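No letters, just coordinates:
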């Protein structure tokens, strides 16, 4: 099982978690392949998905 919380984060919380500006997250989350969910009309990010995504990033 993956680590991390199952908590859903708002875009602002997710941007803070990733240490990027909110505008950067909104502009790039699809291109980056960051998993996101729609809850009604709101965009949410699962904390454990962000942690898994970060762990797959490699500096080249």
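Great, that's in hand. Owing to the predicted nature of the structure, the values given are computational and were not obtained by experimental measurement.

CA only for contacts and neighbour counts going forward, please
Fine.

Can you get me a residue count around residue 20?
By the criterion of other C-alpha atoms under 10 Å, residue 20 has 12 neighbours.

ugh, wrong one, I meant residue 48
Neighbour count of residue 48, defined by other C-alpha under 10 Å: 16.

does it count as helix, strand or coil?
helix (DSSP: H, G, I helix; E, B strand; the rest coil).

where does the chain dip in pLDDT?
Across the chain, the ranges flagged by pLDDT under 70 are 1-4.

need the helices for it, in chain order.
11-18, 22-32, 47-56 (DSSP state H).

quick one: which of those is nearest residue 5?
Relative to residue 5, the nearest member of the helices of the chain by C-alpha to C-alpha is helix 47-56, separated by 5.3 Å.

on contacts alone, who are the packing partners of that closest one?
Where contact means 3 or more C-alpha pairs under 8 Å, 6 or more residues apart in numbering; DSSP states H and E, helix 47-56 is packed against helix 11-18.

among the helices of the chain, which is nearest residue 40?
Between the helices of the chain, helix 11-18 lies closest to residue 40; by C-alpha to C-alpha that is 14.3 Å.

where's the closest one relative to the chain centroid, distance-wise?
Remark: helix 11-18 is offset 7 Å from the chain centroid, using C-alpha atoms, centre = their mean, to the nearest Å.

Please apply the same query to stretch 30-40.
Worked out by C-alpha atoms, centre = their mean, stretch 30-40 lies 7 Å from the chain centre.

got the end-to-end distance for that stretch?
19 Å (C-alpha to C-alpha, to the nearest Å).

returning to what we had before: for the helices of the chain, give me JSON lines that also has distance to residue 40.
As requested, the helices of the chain are exported to JSON lines (distance: least, C-alpha to C-alpha, whole Å):
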{"stretch": "helix 11-18", "distance to residue 40": "14"}
{"stretch": "helix 22-32", "distance to residue 40": "17"}
{"stretch": "helix 47-56", "distance to residue 40": "19"}
